[in-house]
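Novice: model this:
(chains A and B)
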Amino acid sequence: MSATYTGPKVCLWTLDHPDPASLETYVANGGYEALKKILAEKTPAEQIIEQVKLSALRGRGGAGFPTGLKWSFMPRNFEGDKYVVCNSDEGEPGTFKDRDIIEFNPHQLIEGMVIAGYTLGAKVGYNYIHGEIFELYESWEKALEEARAAGYLGTNILGSGWDFDLHAHQGYGAYICGEETALLESIEGKKGQPRFKPPFPASYGLYGKPTTINNTETLASIPWIMRHGGQAFLDLGKPNNGGTKLFSISGHVNKPGNYEIPLGTPFADLLEMAGGVRNGHKLKAVIPGGSSAPVLPAEIMMELTMDFDAIAKAGSMLGSGAVIVMDETTCMVKALERLSYFYYEESCGQCTPCREGTGWMYRVVHRIEHGQGRPEDLDLLLSVGKNIAGRTICALGDAAVGPVQSFIKHFRQEFEYHIEHKKCLVGS
Amino acid sequence: MPVITIDDKQIEVAAGATVMEAAHELGIYIPHFCYHKKLSIAANCRMCLVEVEKAPKPLPACATPVTDGMVVRSHSEKAVEAQKGVMEFLLINHPLDCPICDQGGECTLQDIAMGYGGVASRYAEPKRVVREKDLGPLVATDMTRCIHCSRCVRFGQEIAGIMELGMPGRGEHTEVMPFLEHHVSSELSGNVIDLCPVGALTSKPFRFNARPWELSRRKTISPHDGLGSNMALHVKDNRVMRTTPVENEAINECWLADRDRYSYEALNSDERLLKPMVKEGSHWVELDWHKALLQAVGSLKMILETHGPEAIGFLAMPHQTVEELHLFQKLARALGSENIDFRIDRSDFAGTLAGTPWLGMPVVEVNNLDRVLLVGSSVRKEQPLIAQRLRQAVKAGAQLNLVSVVDEDLLCSVANKMIGKPSALVGLLAQVAKAVGAPMAETLPPDCIVSDAARAIADSLMSGEHKAVLLGHLAQLHPNASELHALAQAIAQATGATLGVPAASANSVGAGVVNCLPGEGGLNAGRMFAEPRKAYVILGAEPDLGAGDTAAAHQALESAELVIALSPFKSPLMDYTHVMLPAAAYAETAGSYVSMEGRLQSFRAAVPPQGEARPAWKVLRVLGNQLGLAGFDQDSAEQVLAEALPGGEAAVRARLNNDITGVAVTHLNAADGIERLGDTPIYQLDIYTRRAPALQATDDGQSAHAARACGDLIARLGLTADKPVRVRQGSAETVMKLVRDDRLPDNVVRVAGSLPAVIMFGPRFGAISLEKM
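Specialist: Alright, predicted model coming up:
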């Protein structure tokens, strides 16, 4: 078992070079070759989508939806504007990978978006950048300028006669704007609130036009797939889970940070790469895919491989790849209180179950944590959660319920102790 | 067309229809709060979640399109569980104090909670409290009760045309509020009260005055603009407590203009005339009906004997009923006078009309227009719900063109416009007539040069299929109204458009149809004032306030030997009257109105007349008897109507015609200097609106009392906006607040007609000056 991954990387390979973000570094290492080839050969869109399907690239923003399939939903013969939107509104607690792509390999994202635009018939793309990483907005704009100056972006790209331009859009930090239709509303200058679906963005998206929205890491993976082929990408990972994936490890590990490893890598290896649990403590629990993903206890996690299917089978989600590690000193009630507060604060307030339910759940957990729990509270929490899940306009409701249900499922004893003894089991 | 099964009942619906619509067709009720048939789909309340076969989770009926073969269960265990779950969430932060809520008893939340709410709350945490918002004098708030359905917000955006309410804040902190602490000033604002499914938005004047179960609802027709909105008067102890819309898709849909909703306050005004009164010397004396009528009849006979019938003028207000207007003109004619008119506010009576002017089409057709030319109109303030229909037409792609004296914000996109001072209006419209190649344009002088804007309007009107040229109230008041009418007619003919004259008052059309107009040798309203009569009989009140030339009217009435008024109100302004006979107000009498589309609508009295007031048709009948005239023995309003319009609505239609002949278009050149624009403000339209305190307190009510001019004119005159200014017209002057209004063209000062403060000013249009204080 090796504690490092030395194979090919898809997204953050530029970090092995002295000036990772520069156009020179990118071009010197095969950057924009895929675009050149596509434009020179006028590769049919169907062929590109075939390769993306073959690669088993799945959405890196959290849902893990097959990208090739999503691309095939765009109406081919639609007359008029279509859009490609990159979702860099990285708001899922624990996730900090997309910012590194924008910071350290912006041109691969640009190339990915240009290829997406070509494939999907869009002339304009937007990159929606999370409000709290505003400094990257500047560097992204700089990269766009470089790409335009070099002929990779703008009018008559690489002399092909084909035009595509990209714009950055600065978010203001609302979690809900990471939801794709709320993101579209926000770009349109409206209050960031999810739309009811159907219609889906592929038929009624930005400004009412067909739109494809992909995560930053997803789009940044496209040039690699086009250069090396869908099969090569698939071979990096495991069946139905192609490629390498960025994992943002945070919490009680010695070396928190982003790790790009093949999908299917055992969690134990990833934990080792991250330097293991801090201070020699015992691992207690892991949230494997960002705060919305149900928590899993250590004994389950240590048996799992890090890929969409394995983690789903274990009852959680790979999500955005944000791995939150908690050691034995963690009070699970307090951890849940913090998570529930997040969803209470970030609920957009549009639809009833989420607006009212997230606050209710938070207040109950808060009471339990502060020694005012009641015996009926746990069943109440589960019941409230049941009334939220699946009844809201977007997935935020489900995301808020996931932690509550899983924390109680796996650590019920700890909650009961809190209620009964008005204090914490951990450290007492 | 897809077939859907809901609760074991099958129905075929149009493609694109939602489950909610299909359920409605089937008569199945699915509980809901945010859904409203006239508003866009929000799907935010989640109350209408239903079980859909093959769907993994419950779906909102309001937003789920029907697919062929869909099977829905709206009352299954799964559906009801979801609905009850939502109900619980709605109630956790909602105050459960219905006994002290003004909505109690007519609250959708309360009603649905009876079916889906729990017996006790499981929520034991502190409840949310939301700060009140000031929405102005019409709508009261109790924002803690808000359930965030967003109906009020969508109403503003989609129906009223102006987003005055929004929902800033996130999650639990989301609040409905006006932006930047502005009031809600839309002329349709009261509709949010009906839309609000809880007690968050309620009627300010009505608040805490009655419980819904104490009120009886009596249908009537709006006494204001000529739309004929259907409405219900809510009555308690013989007093009208509030007004709500009665749905009529062909007229007002489910809406009501604020003017219709709040004017009931005037019914209970301190200025109600409760007993017959006669003037003895300079004193007013109350008499019983018998003596008062004797005196009225005696004095009238004396005038007849000494001066003859042509010395009497008969003036009626256009919000009086068909029955009253019919008996009124009958009385005048029986006495031998042809001096009869209801067109008090007009200045120009030239030309020959082929019939009674009307909208020229059914009201619902307004929505289907694709090309419209609006001439001299503040349609939002003249007929707020016609403006709403025009807005929907524009939203559906219609091109709205405007030729007017003020660049009114119509709250929708205007394709082309020509705005000029009042004296320029004929010239502007003549350009359009010339541009569309109207035959009459050949008679126009060569210096009528077609501008680019006129060309653009012409191009717009030459295209399209459903077109109309609408002559607004400002055009009807204009000193060259007949020339505008003739030009509008020429444009309509040349472009294949329908000419429409939207009625400004509830029964303008009815008054014309029953011939409340001067006959052979008779004087029109303008001449009755310009050539003062010895005596006047007034049906209604305050003819001078609304007159085309208020000064002439007021002086004529002051100098008359006898003025008899059948009026619901008394006021110091009407001190010129000699005999005041208390007439029933609009809610207190049976009668009929003819709307602008020629629809004859009858109604009954909702409350008995206040004091000793009597329905005016009865008073006229008795007057006829006492004057010894034949044909005044009707026993009911129905009998009067049958006599007035024997053919009913068919008789009305036969008399509707917008054709005008005998008009020479000559006023093509604008006058020099500063001109007055003396419009009729929305809440000064009639004797009721003028006495409705809440309406008067609105932004529209208040701004009517200011003198308004554009910034350029204010600067050029060295004046300061928002400061008092001396306004002078002719020999009259007064001090008004000067308000900057850049929607007015240069050299125009808007000083409304119908204001007591400027009654001595004279014509609504004419030279006016502003001077520094």
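
Novice: The lengthiest strand in chain A - what's its average pLDDT?
Specialist: Longest among the strand segments of chain A by residue count, using DSSP state E, is strand A:244-251. Across strand A:244-251, the average pLDDT comes to 97.

Novice: Determine the set of other helices and strands touching that strand.
Specialist: Contact here means 3 or more Cβ pairs under 8 Å, 6 or more residues apart in numbering or on different chains; DSSP states H and E; on that basis strand A:244-251 packs against strand A:257-262, strand A:322-327. Every C-beta, even on glycine, is put in place using the N, C-alpha and C of the backbone.

Novice: rerun that using 10 Å as the cut-off
Specialist: Based on contacts counted as 3 or more Cβ pairs under 10 Å, 6 or more residues apart in numbering or on different chains; DSSP states H and E, the elements that strand A:244-251 packs against are helix A:98-104, helix A:216-228, helix A:230-236, strand A:257-262, strand A:265-266, helix A:267-273, strand A:283-287, strand A:322-327.

Novice: most packed of the ones you listed?
Specialist: Greatest average neighbour count among the helices and strands packed on strand A:244-251 goes to helix A:216-228 (a mean of 27), per mean count of other Cβ atoms under 10 Å in any protein chain shown.

Novice: Okay, buried residues for the longest strand of chain A please.
Specialist: Buried residues in strand A:244-251, defined by neighbour count with 16 or more other Cβ atoms under 10 Å in any protein chain shown: A:244-251.

Novice: what angle do that strand and strand A:322-327 make?
Specialist: Using axes from the mean of the first three to the mean of the last three Cα atoms, to 10 degrees, the direction of strand A:244-251 lies 40 degrees away from that of strand A:322-327.

Novice: Mind listing the strands strand A:244-251 pairs with, and their directions?
Specialist: Paired neighbours of strand A:244-251 in the sheet (DSSP bridges): strand A:257-262 (antiparallel), strand A:322-327 (parallel).

Novice: Output those in CSV, with mean pLDDT and distance to B:E132 appended to each entry.
Specialist: Rendered in CSV, the data for the strands paired with strand A:244-251 read as follows (pLDDT from 0 to 100; distance: least, Cβ to Cβ, whole Å):
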stretch, mean pLDDT, distance to B:E132
strand A:257-262, 97, 49
strand A:322-327, 97, 42
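
Novice: To B:D700, which of these lies closest?
Specialist: Checking the strands paired with strand A:244-251 against B:D700 by Cβ to Cβ gives strand A:322-327 as the closest, at 55.5 Å.

Novice: how close does the residue in the stretch 151-300 of chain B positioned nearest to chain A sit to B:C45?
Specialist: For the stretch 151-300 of chain B and chain A, the shortest gap (Cβ to the nearest Cβ) falls at B:T174, measuring 3.5 Å. Summarising the geometry, the distance separating B:T174 from B:C45, computed by Cβ to Cβ, to the nearest Å, is 13 Å.

Novice: hey, where'd the strands end up in the stretch 301-450 of chain B?
Specialist: Listed in chain order, the strands found in the stretch 301-450 of chain B under DSSP state E, counting those that start in this stretch are B:312-316, B:340-341, B:352-353, B:371-375, B:399-404, B:416-419.

Novice: Then the stretch 551-700 of chain B?
Specialist: Chain-ordered strands for the stretch 551-700 of chain B, with DSSP E, counting those that start in this stretch as the definition, fall at B:562-567, B:579-582, B:591-594, B:600-603, B:660-661, B:675-677.

Novice: want to throw these into TSV with distance to A:D398 and mean neighbour count?
Specialist: Putting the strands of the stretch 551-700 of chain B into TSV (distance: least, Cβ to Cβ, whole Å; neighbours: other Cβ atoms under 10 Å in any protein chain shown) gives the following:
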stretch	distance to A:D398	mean neighbour count
strand B:562-567	67	26
strand B:579-582	68	26
strand B:591-594	57	28
strand B:600-603	54	20
strand B:660-661	68	16
strand B:675-677	60	24
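
Novice: Select, out of the ones you listed, the one closest to A:Y172.
Specialist: Nearest to A:Y172 among these is strand B:675-677 (45.6 Å), distances taken as Cβ to Cβ.

Novice: which ones are touching B:L770?
Specialist: For B:L770, the set of contacting residues under the criterion of Cβ atoms under 10 Å, 6 or more residues apart in numbering or on different chains consists of B:674, B:707, B:709, B:713-714, B:717-719, B:725-728, B:736, B:738, B:749, B:751.
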